[in-house]
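Peer 1: Just need the structure, nothing else, for what follows:
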Amino acid sequence: MELDKTDIQLLELLQADARLTNKELADKLGKSITPIYERKRRLENEGFITRYTAIVDKNKIGKSLVAFTNVQLKQHAQHILLNFEKAIVKFEEVMECYHMTGVYDYLLKVAVTDMAAYQDFIVNKLARLTDIGTVQSSFVMTEVKHETAYKIKRSL
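Peer 2: Okay, the predicted model is just below:
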C-alpha cells in the first residue's frame with residue numbers, strides 16, 4: 001500500500017496525539033469524518049498503526065534508573081537465540097530488546113527504581129538465563145532527546 005499526502009498527515013497527527021477524535025482529525029485535514037475514519041482503519045489493518053498508547057513519565061512512577069545493557073551470548077545457535085528472546089520479553093524491567101550486529105548480540109533498555117533493583121535484575125533474572133556470556137551496562141545520566149514519532153518521508 002502506498003501512502004498519499006493525507007495518509008502521511010494522518011499518521012503524523014496521530015503520532016503527536018493519538019487521542020484526537022475522528023472529527024478533530026477531519027477538521028485538521030480539511031476532510032469529512034467518514035473518509036478519515038476509513039483511512040485510519042485501513043492504516044491499522046495494513047499494519048502502519050500497530051497500537052495506541054500513553055507515554056508515561058518514568059520518574060513519576062519510580063523508574064528513574066535507565067540502563068542500556070549489552071548482552072553477549074556464549075553460543076549463537078538458533079534455538080539459543082530464540083530461548084533468550086522468549087525469556088527476555090517476560091522481564092518487566094526490559095522496556096526494549098534489540099538483536100544487534102557487532103560484538104554484543106542484544107541491546108536491552110532496562111528501567112528500574114534504583115541501583116539495587118538493577119542489581120537484582122542482573123543477578124536474579126538475567127544471569128540465570130542459560131548461555132549468557134558477557135554483560136556490559138551503561139547508565140543514563142540525562143535524557144537529552146526522546147522521540148516516539150517517526151518523521152515520514154513526504155515523497156512516498
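
Peer 1: Can you list the low-confidence ranges for the chain?
Peer 2: Residue ranges of the chain with pLDDT under 70: 154-156.

Peer 1: If we use 80, what do you get?
Peer 2: 1, 154-156 (pLDDT under 80).

Peer 1: Point to the residue nearest the middle of this protein.
Peer 2: residue 96 (5.7 Å; Cα atoms, centre = their mean).

Peer 1: Spatially nearest residue to that one, not counting backbone neighbours?
Peer 2: residue 109 (4.0 Å; Cβ to Cβ, 6 or more residues apart in numbering). C-beta: built from backbone N, CA, C; applies to glycine.

Peer 1: Sheet partners, orientation included, of the helix or strand the one you found falls within?
Peer 2: In the assignment (DSSP states H and E), residue 109 maps to strand 106-112. Next to strand 106-112 in the sheet, as set by DSSP bridges, lie strand 65-73 (antiparallel), strand 94-99 (antiparallel).

Peer 1: what's the spacing between that strand and its chain's center?
Peer 2: Taking Cα atoms, centre = their mean, to the nearest Å, one finds the center of strand 106-112 at 11 Å from the center of the full chain.

Peer 1: how's the chain carved up into domains?
Peer 2: 5-45, 58-139 (automatic domain parsing).
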